[in-house]
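J.: Take this sequence and fold it.
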Amino acid sequence: MASITIPTRSEHHPHLRPLNILRDLPSVADLIEVCFSDTMDSEGRRYVQDMRRSAGDSAFLKWANRVAESTSLPLTGYIWEEHGHIVGNASLVPFRQGKERLYLIANVAVHPDHRRKGIARALTERAMQHVHERKIDNIWLHVRSDNFAAIQLYTSLGFVERAQRTTWQAVTDIHAQPLDTDIAVTGRHPQHWATQLRWLMRLYPNALAWHRDWNMTSLKPGFLNWLYLLFVDLNIRQWSAVRKDTLEATLSWIPSGRGEGLFAGAGDRSDPDALTALLIQARRELYQQYPHILLEFPVSRFDDAIRTAGFKPMRTLVWMQATS
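T.: You can find the predicted model right below:
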């Protein structure tokens, strides 16, 4: 299909309009499924199903209309409609980090039959304009690391890369073979907390904390924190990998009900084998509760260690932030 030129200012686009959650959700769900079916994981499929189910829930739709600009759900955004069919979408998800508000641009999708027309650019520009109209300058998006065309587009719109993070998945297995090493895997000792926290702050930095659904203080040792976790019924598991008297790495399991929850800590001088040993231990110990487990971790020299532990990469996302 031949490319066409679209005016630069998004408000002049006759096919671009705000998302109407009362009627658009099923069509947007269909579009997302068409555009991302090749790379969609179980969470993505559940997300699409939730969109379709929500479209038939009048109570949800009434609530969503009231809180669209304040809850961290994709209830706001813009669509591109031609001849009564939604062929493009960009969602806006508001977040808070302390007192600061920010937005994530998500689900930027254009039907394959309508690509190379500038629709994705127009939708992204309009989403950015929406945020700026609310006097907010902090805008983020995620894009797959192998989507070079999208990365080029977002770079041209003023986004810069802030991080690359991979989501890894493994099947739990009580028979997983432990690593033959002199590194001992034990329960996390309270004396390891200061080092663990320093590692976690580097690997899961505050700049990205707005997207995190867990708090590092939940991993802190002590009776009061144990009592709080007991009260909220949160069964956190923690391990340390130690060679002689030296802490090499840590691993924490925070259950979320979605198969997620592994958070690893390691330093610049940590032996990658320590992370492998910890991850194998998690696969063994979590066998009865979860069929599979996930780990999100920055792209790093530990990638091979994670693979050796039986984890497979699901996706690597580039985190990009707007600078203008």
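J.: can we go C-alpha only for contacts and neighbour counts from here?
T.: Fine.
J.: Specify the local secondary structure of Gly88.
T.: Taking DSSP: H, G, I helix; E, B strand; the rest coil as the rule, one finds Gly88 in the strand state.
J.: Repeat that for Arg53.
T.: Under three-state DSSP, Arg53 falls in the helix class.
J.: Show me the residue at the heart of the protein, geometrically.
T.: With distances taken as C-alpha atoms, centre = their mean, His211 lies nearest the centre of the chain, 6.9 Å away.
J.: Look up phi and psi at the closest residue to that residue other than its chain neighbours.
T.: In space, and not counting its chain neighbours, His211 is closest to Phe95: 7.7 Å by C-alpha to C-alpha, 6 or more residues apart in numbering. Phi and psi for Phe95, reported as degrees, to the nearest 10, are phi -130, psi 160.
J.: do the one 5 residues further on as well
T.: Backbone torsions of Glu100, given as degrees, to the nearest 10, read phi -90, psi 140.
J.: Offset the numbering so it begins at 122, please.
T.: All set: I'll call the first residue 122, so the last point we hit is now Glu221.
J.: where's it relative to Asp151, distance?
T.: According to C-alpha to C-alpha, to the nearest Å, Glu221 and Asp151 sit 33 Å apart.
J.: Same question for Pro326.
T.: For Pro326 relative to Asp151 (C-alpha to C-alpha), the value is 35 Å.
J.: what's the answer for Arg174, then?
T.: 13 Å.
J.: More neighbours: the two, which one.
T.: Using other C-alpha atoms under 10 Å as the criterion, Arg174 and Asp151 rank with Asp151 on top: 17 against 13.
J.: Please confirm that the more buried one is located within a helix.
T.: Yes. Assessed by three-state DSSP, Asp151 belongs to a helix.
J.: Enumerate the positions of stretch 269-283 that are buried.
T.: Under the neighbour-count criterion of 16 or more other C-alpha atoms under 10 Å, stretch 269-283 has Ala271, Ile272, Tyr275, Thr276, Leu278, Phe280, Val281, Glu282 buried.
J.: Check which element follows the helix or strand the second one falls within along the chain.
T.: With elements taken from DSSP states H and E, the one containing Ile272 is helix 269-277. If you walk from helix 269-277 toward the C-terminus, the next helix or strand you reach (DSSP H and E) is strand 280-292.
J.: just to confirm, which helix or strand has Arg319 in it?
T.: Going by DSSP H and E, Arg319 is in helix 314-324.
J.: Correction: the previous question concerned Leu225.
T.: strand 221-231.
J.: what separates the helix or strand that that strand is followed by from the chain centre, distance-wise?
T.: Following strand 221-231 in sequence order, the next helix or strand is helix 240-254 (DSSP H and E). How far helix 240-254 lies from its chain's middle: 21 Å, per C-alpha atoms, centre = their mean, to the nearest Å.
J.: Return the list of helices and strands in contact with helix 240-254.
T.: The helices and strands touching helix 240-254, judged by 3 or more C-alpha pairs under 8 Å, 6 or more residues apart in numbering; DSSP states H and E, are strand 197-203, strand 206-218, strand 221-231.
J.: mind listing what's buried in it?
T.: Within helix 240-254, judged by 16+ other C-alpha under 10 Å, the buried ones are 240-252.
J.: quick check: mean pLDDT across it?
T.: Helix 240-254 carries an average pLDDT of 96.
J.: what's the neighbour count on the closest residue to Ile272 other than its chain neighbours?
T.: Nearest residue to Ile272, sequence neighbours excluded (C-alpha to C-alpha, 6+ apart): Val264, at 6.9 Å. Other residues near Val264 come to 20 when the count uses other C-alpha under 10 Å.
J.: again with Asn228
T.: Neighbours around Asn228, by other C-alpha under 10 Å: 22.
J.: Tell me the predicted confidence for it.
T.: pLDDT, Asn228: 92.
J.: Would you agree it is in contact with Asn210?
T.: Yes. Here Asn228 reaches Asn210: they are 6.7 Å apart, a contact under C-alpha atoms under 8 Å.
J.: Quick check: neighbours shared by those two?
T.: Common contacts of Asn228 and Asn210 (C-alpha atoms under 8 Å, 6 or more residues apart in numbering): none found.
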